[in-house]
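In: Return atomic coordinates for the entry below.
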Amino acid sequence: METVSVSGARKGITLYNEDTSLNRDRFYRVCLSHGLLGGDVVERQWGRLGTWGRCRLDCYEDRTSALRAIHALIDAKLRRGYHLR
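Out: Predicted coordinates for the structure are as follows:
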């Protein structure tokens, strides 16, 4: 399994899932930012390559819980066949 460093990624982490036999060409991007009212925001964007995809924002009260959520998301995607390019 790949090891992904979240702390070193300034603009987020993008994972890819490509399988030409299944016509699969997907991306999953996750990044961490500060919220306007305090706390941290985990932004997720996913979809087919070449499209804008879908987006979701999750707010957390502190950086520790936000990083824990990011690690859980990345681990789940790596188990489902996504990888870093």
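In: Tell me the spacing between the residue nearest the centre of the chain and residue 55.
Out: With distances taken as CA atoms, centre = their mean, residue 30 lies nearest the centre of the chain, 2.6 Å away. Distance, residue 30 to residue 55, by CB to CB, to the nearest Å: 11 Å. For glycine as for every other residue, the C-beta is placed from the backbone atoms N, C-alpha and C.
In: Show me what the residue nearest to the centre of the chain is bridged to.
Out: residue 13, residue 44 (DSSP bridges).
In: buried set for the helix or strand where residue 17 lies?
Out: In the assignment (DSSP states H and E), residue 17 maps to strand 13-19. Of the residues in strand 13-19, 13-17 count as buried by neighbour count, 16 or more other CB atoms under 10 Å.
In: Pull the residues that contact that strand.
Out: 4, 6, 24-31, 49, 74, 77-78, 80-85 (CB atoms under 8 Å, 6 or more residues apart in numbering).
In: Keep only those of these that are in helices.
Out: 74, 77-78 (DSSP state H).
In: what about the strands in the chain?
Out: Counting by DSSP state E, the chain has strands at residues 13-19, 24-34, 40-48, 54-60.
In: Which among those strands is found nearest to residue 67?
Out: Judged by CB to CB, the one of the strands of the chain that comes nearest to residue 67 is strand 24-34, at 7.2 Å.
In: Quick one: mean pLDDT over stretch 30-47.
Out: The pLDDT scores in stretch 30-47 average 94.
In: again, but for stretch 14-21
Out: Mean predicted confidence for stretch 14-21 is 94.
In: from the middle of its chain, how far away would that stretch be?
Out: Stretch 14-21 sits 14 Å away from the centroid of its parent chain (CA atoms, centre = their mean, to the nearest Å).
In: what's the answer for stretch 46-56, then?
Out: Distance, centroid of stretch 46-56 to centroid of chain: 12 Å (CA atoms, centre = their mean).
In: Pull up the distance across that stretch, start to finish.
Out: 9 Å (CA to CA, to the nearest Å).
In: cool, stretch 35-55 as well?
Out: 16 Å.
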